[in-house]
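1. need coordinates for the below:
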Amino acid sequence: MMEKGSGGDANKRTREEQRRRDTMQAYAVIFGVLIAIMAITVYIMFLKKDVKTAETVQNNTSQSDSIDAGDADEGSDDDSDWEVIDDPDSEESTPEDNSSEPQKPDEDDHKIEVIEGRTYVDGILIVNKTYSLPSDYAPGILPEAQEAFDRMANDAWGDGLGLFICSGFRSYSEQRDLYDGYAMQRGVEEADRVSARAGYSEHQSGLAMDINSTDFEFEYTAEAKWLAEHCAEYGFIIRYPKGKEGVTGYAYEPWHIRYVGEDIAKEITEKGICLEEYLGVTSDYRYSKGQPLA
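-> Numbering: from 1, shown residues only. Model (predicted):
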């Protein structure tokens, strides 16, 4: 049998333990709230500090800009205080752009003659987008061009390479059909880049020829490299050289050669120029002379 009063002591201890637990929980809540308040306070303090720092930097920058502007104004009246530095990216130091707007030729610098509808500049027949040939002009490959090619092909053969004419003389009507085919397939703009309109083709002159292939991959062949290196020795030039597209009016054609005579060919090749530059003329349909555009 339980003694009297023992149950009351037990209840008392239970209540005391509950109060301790409640007290500890209250302290924990209060401690958590204090930690949160402290964290918020620190965050606000740092936020204010960052804002103040940003304002200081902005003010300093504004003052620096004002000082720089003032210095520039003070020095603008005296050019002797400034050192002129060449800018490699400036327009003045940029090399000539061959694709720029073509200018009309200064015909006073060269002797220009028109004989039976053909234009000669300093005695050289010129055929391009500016200067055309009569539609009935059909000489075939001229003997001097054929003889020079035969010598060149013979010497190339001695070096183990074969050169042959894959496209020589073309008449007005043949050129018209060829150009019209390009225009129908690729459009006029692309056709004008890779082909001449009827009456404006060097092939009709009897002085031009395409060697081995008209595929752009020909550039990488041993024959193309030999041709570029040696053709001037026989009186030929690469008529549409790389980098001169804006002057000649045509894409680079490593296979297209033009006979101009040995002395002139060597001079043009050594100077790294094209025939238009040598003669001081343009190649642009807008300046076309003579033959109506086909």
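2. which parts of the protein are helices?
-> Along the chain, counting by DSSP state H, helices occupy 6-75, 143-158, 172-186, 188-194, 222-230, 245-248, 262-271, 275-279.
3. run a quick neighbour tally on the nearest residue to residue 194 once chain neighbours are set aside.
-> Leaving out its chain neighbours, the residue that sits closest to residue 194 by CB to CB, 6 or more residues apart in numbering is residue 251, at 5.4 Å. In this view, the C-beta of every residue, glycine as well, is placed from N, C-alpha and C. Other residues lying near residue 251 total 13 when counted by other CB atoms under 10 Å.
4. with residue 285 instead?
-> Based on other CB under 10 Å, the number of other residues close to residue 285 is 15.
5. cool, and residue 139?
-> 12.
6. give me the pLDDT value at it.
-> Residue 139 carries a pLDDT value of 97.
7. that one against residue 203, yeah?
-> No - look at residue 139 against residue 203 with CB atoms under 8 Å: they stay out of range, at 11.2 Å.
8. ok, back up a step: residues touching the residue nearest to residue 194, list them.
-> 193, 194, 240, 245 (CB atoms under 8 Å, 6 or more residues apart in numbering).
9. quick check, the last one in contact with residue 252.
-> Okay, so that is residue 245. Yes - Residue 245 lies in contact with residue 252 (CB under 8 Å); the separation is 6.5 Å.
10. which neighbours do residue 139 and residue 203 share?
-> What both residue 139 and residue 203 touch, as defined by CB under 8 Å, 6+ apart, is the set residue 169.
11. can you list the weak-confidence ranges in the stretch 1-150 of the chain?
-> Scanning the stretch 1-150 of the chain for pLDDT under 70 picks out 1-14, 28, 39, 42-108.
12. same thing but at 80, please
-> Flagging of the stretch 1-150 of the chain using pLDDT under 80 yields the residue ranges 1-108.
13. what angle do the longest strand seen in the chain and helix 262-271 make?
-> Looking across the chain with DSSP state E, the single longest strand is strand 253-259. Strand 253-259 and helix 262-271 are oriented at 150 degrees to each other (axes from the mean of the first three to the mean of the last three CA atoms, to 10 degrees).
14. quick one: distance of strand 253-259 to the chain centre.
-> In terms of CA atoms, centre = their mean, to the nearest Å, the gap separating the centre of strand 253-259 from the centre of its chain is 24 Å.
15. offset the numbering so it begins at 17, please.
-> With 17 as the first residue, the last one maps to strand 269-275.
16. just checking, what packs against it?
-> The helices and strands touching strand 269-275, judged by 3 or more CB pairs under 8 Å, 6 or more residues apart in numbering; DSSP states H and E, are helix 159-174, strand 224-227, helix 238-246, strand 252-256.
17. please save the CA atoms from it in CSV.
-> Written as CSV, here are the backbone C-alpha positions of strand 269-275 (Å, rounded to 0.1, in the frame of the first residue of the first chain):
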residue,chain,number,x,y,z
GLU,A,269,40.5,33.4,-112.3
PRO,A,270,43.8,31.6,-112.1
TRP,A,271,43.2,29.9,-115.5
HIS,A,272,42.4,33.0,-117.6
ILE,A,273,45.5,34.5,-119.3
ARG,A,274,45.8,37.4,-121.7
TYR,A,275,48.5,38.1,-124.2
